[in-house]
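# Fold the following, please.
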Amino acid sequence: MSHDKVQTQHSAPTNDGLGDHLVPHPELTPTNDPTAPANLLAEAAAGALLAQAGVDSIDLACTLGSGWGDAAAQLGELVAEIDAEEIPGFHSSGVSGHSGTLKVIRTGSGAHVLVIGARTHYYEGRGVDAVAHGVRTAAAAGAATMVLTNGCGGLNPQWKPGTPVLISDHLNLTGTSSLRGAHFVDMTDLYSPRLRAVAREVDPDLPAGVYAQFPGPHYETPAEVRMAGVLGADLVGMSTALEAIAARAAGMEVFGISLVTNQAAGISPEPLSHTEVLDAGRDAAPRISALLAQVIGRIVAP
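Residues are numbered from 1 along each chain as shown. Down below sits the predicted model:
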């Protein structure tokens with residue numbers, strides 16, 4: 001739907017010269033408008049989060065995807081752990097492998113990191129604003145950097161389960177966007193080359209690739225995986241792209257990293273399961289937790 005306004009019978013008059021029966025549709029309110037419902041909810045969430053954590057602001061936010069849950073423990077001192085449902089707009093995660101909490105951690109340099117374990121996926125049916133809510137809340141709380149992690153399927157047969165891969169770009173195959181209205185955001189270098197360089201200071205051998213987000217919740221078919229490969233994808237999953245778009249729109253610098261938890265459908269003859277994803281994350285946890293902690297430590301260092 002591309003209309004900016006819709007006709008109603010009982011709307012209040014407007015002074016835009018288009019007639020007294022036209023008002024903005026609430027679902028089409030531009031998300032760069034600070035009075036848009038999504039942004040007002042994020043402001044309320046940020047205020048509640050900071051108050052409960054007892055800190056003035058957040059420096060960096062990190063969403064932990066499947067397989068990354070143990071990484072928070074290595075980031076620094078736990079300041080606060082909050083049940084997500086206590087903060088406006090957040091929900092307990094319905095996906096195994098996600099904690100359903102929000103943690104504020106103080107790094108060794110004194111920076112405050114928000115760890116979002118309560119990720120909302122598009123396939124949960126709560127809409128794109130719910131998907132982007134964690135990112136918008138982090139931005140409203142002051143975070144200048146958004147770190148997005150995920151567990152994904154790999155198209156490169158050389159990337160075995162347990163391989164971390166930097167995200168250099170994405171394909172948004174969800175059929176939607178986390179933005180609405182006349183809000184034209186440049187997506188060039190969405191995933192910061194500077195931050196990838198920081199990560200390679202920690203591990204020079206880290207590969208990089210293009211991540212394709214499918215809507216889910218079903219896994220991709222082998223034909224869909226082949227299509228994604230033709231389009232340039234190296235990784236496939238069900239998160240990250242919509243959040244990255246929202247982060248760019250909020251003016252944040254974005255760092256993305258995937259954990260290959262399985263070879264994508266058709267690459268491996270084995271059937272896919274979420275248990276496989278969790279097992280791969282558990283096996284890789286020591287390496288990827290240390291990697292992420294070192295990268296974040298360098299990003300927030302004075």
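# Flag the shaky bits of this structure, pLDDT-wise.
Residues of the chain that meet the criterion pLDDT under 70 lie in 1-32, 34-35, 93-99.
# residues in contact with T101?
E81, I82, D83, A84, G117, A118 (Cβ atoms under 8 Å, 6 or more residues apart in numbering). (C-beta placed from N, C-alpha, C; glycine too.)
# how far away is it from L292?
In this view, T101 and L292 are 17 Å apart by Cβ to Cβ, to the nearest Å.
# residue ranges for the helices of the protein, please.
Taking DSSP state H to define them, one finds helices in the chain at 37-53, 128-140, 193-202, 222-231, 241-249, 274-300.
# May I see the ones you listed organised as CSV, with mean neighbour count and distance to H112 added?
As requested, those are arranged in CSV below (neighbours: other Cβ atoms under 10 Å; distance: least, Cβ to Cβ, whole Å):
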stretch, mean neighbour count, distance to H112
helix 37-53, 19, 8
helix 128-140, 25, 11
helix 193-202, 15, 18
helix 222-231, 15, 37
helix 241-249, 26, 18
helix 274-300, 19, 9
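# Go through those helices and name the closest to W68.
The minimum distance between W68 and the helices of the chain falls on helix 274-300, with 6.5 Å, by Cβ to Cβ.
# Off-centre distance for that closest one?
16 Å (Cα atoms, centre = their mean, to the nearest Å).
# Ok, stretch 295-302 next?
19 Å.
# residues contacting A38?
So, once contact is read as Cβ under 8 Å, 6+ apart, A38 ends up touching T31, D129, A132, H133, R136.
# from these, which single one is nearest V236?
The nearest one, if we look at those relative to V236 and count by Cβ to Cβ, is A132, at 20.7 Å.
# And the strands in the stretch 1-150 of the chain, which stretches?
Assigned by DSSP state E, counting those that start in this stretch, the strands in the stretch 1-150 of the chain fall at 5-7, 22-24, 60-63, 77-83, 101-106, 112-116, 145-154.
# Reformat those as JSON lines; add distance to H274.
Below are the strands of the stretch 1-150 of the chain laid out as JSON lines (distance: least, Cβ to Cβ, whole Å):
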{"stretch": "strand 5-7", "distance to H274": "40"}
{"stretch": "strand 22-24", "distance to H274": "40"}
{"stretch": "strand 60-63", "distance to H274": "18"}
{"stretch": "strand 77-83", "distance to H274": "23"}
{"stretch": "strand 101-106", "distance to H274": "20"}
{"stretch": "strand 112-116", "distance to H274": "20"}
{"stretch": "strand 145-154", "distance to H274": "9"}
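# Out of the ones you listed, the one nearest A36 is which?
A36 sits nearest to strand 22-24 of all the strands of the stretch 1-150 of the chain, at 9.9 Å, using Cβ to Cβ.
# next one: phi and psi at the closest residue to V128 other than its chain neighbours?
In space, V128 comes closest to S178 once its chain neighbours are excluded; the distance is 4.8 Å by Cβ to Cβ, 6 or more residues apart in numbering. Per-residue torsions, S178: phi -80, psi 0 (degrees, to the nearest 10).
# burial measure for the residue nearest to G175 when sequence neighbours are not counted, as a count.
Distance criterion Cβ to Cβ, 6+ apart; nearest residue to G175, sequence neighbours excluded, is P215 at 6.8 Å. For P215, the count of nearby residues is 14 (other Cβ atoms under 10 Å).
# who touches P215 in this structure?
Y122, Y123, L173, T174, G175, M238.
# Quick check: A285 vs R200, distance?
Distance from A285 to R200, by Cβ to Cβ: 21 Å.
# how about the helices of the chain in JSON lines, adding distance to S268?
Formatted as JSON lines, the helices of the chain follow (distance: least, Cβ to Cβ, whole Å):
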{"stretch": "helix 37-53", "distance to S268": "39"}
{"stretch": "helix 128-140", "distance to S268": "29"}
{"stretch": "helix 193-202", "distance to S268": "27"}
{"stretch": "helix 222-231", "distance to S268": "10"}
{"stretch": "helix 241-249", "distance to S268": "24"}
{"stretch": "helix 274-300", "distance to S268": "10"}
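# and the gap between T120 and S289?
Computed as Cβ to Cβ, the T120 to S289 distance reads 23 Å.
# er, G232 actually
30 Å.
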